[in-house]
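Enquirer: Generate coordinates for the sequence data below:
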Amino acid sequence: QVQLEESGGGLVQPGGSLRLSCAISRRALSGYAVGWFRQAPGKERELIAAISRLALTTWYTDSVKGRFTMSRDNARSTFDLQMDNLSTEDTAIYYCAADPSTVQFGQPQYWGQGTQVTVST
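Expert: Modelled structure (predicted):
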């Protein structure tokens, strides 16, 4: 059974930065497409960044382009989300996800537990 464990959430002021990390266990990360989702209060969960299984493509939703950077390190079995120039609109619970095929369509097979990111003065 694949397990994903997130770390790195917290409270940050507008304009600040946070880095989220997700570690995969019991399987090699190279076999999975990976992504980051978020769910803000009162809103549906949305995909915000994804890297394909072979790392040939990286995708970002428009609202985070130029501010967030996703990366993966198959050797360390981790993938990260560097978030810069955060705004209050980025406040949400962030989830990492992995799937043997894709995280961009349908529901990914594996999910992290979620980590709270709060952007506030």
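Enquirer: and Thr118, that's in a helix?
Expert: No - using DSSP: H, G, I helix; E, B strand; the rest coil, the assignment for Thr118 is strand, not a helix.
Enquirer: I'd assumed Asp90 was in contact with it.
Expert: No - the pair Thr118 / Asp90 is not scored as a contact, 9.1 Å apart, by Cβ atoms under 8 Å. C-beta: built from backbone N, CA, C; applies to glycine.
Enquirer: out of these two, which sits in the busier spot?
Expert: Asp90 (22 against 15; other Cβ atoms under 10 Å).
Enquirer: With adjacent residues omitted, what lies nearest to that one?
Expert: Val119 (5.2 Å; Cβ to Cβ, 6 or more residues apart in numbering).
Enquirer: so how far is Ser63 from that neighbour?
Expert: From Val119 across to Ser63, the span is 13 Å (Cβ to Cβ, to the nearest Å).
Enquirer: which stretches of this protein aren't confidently modelled?
Expert: Applying pLDDT under 70 to the chain flags no residue at all.
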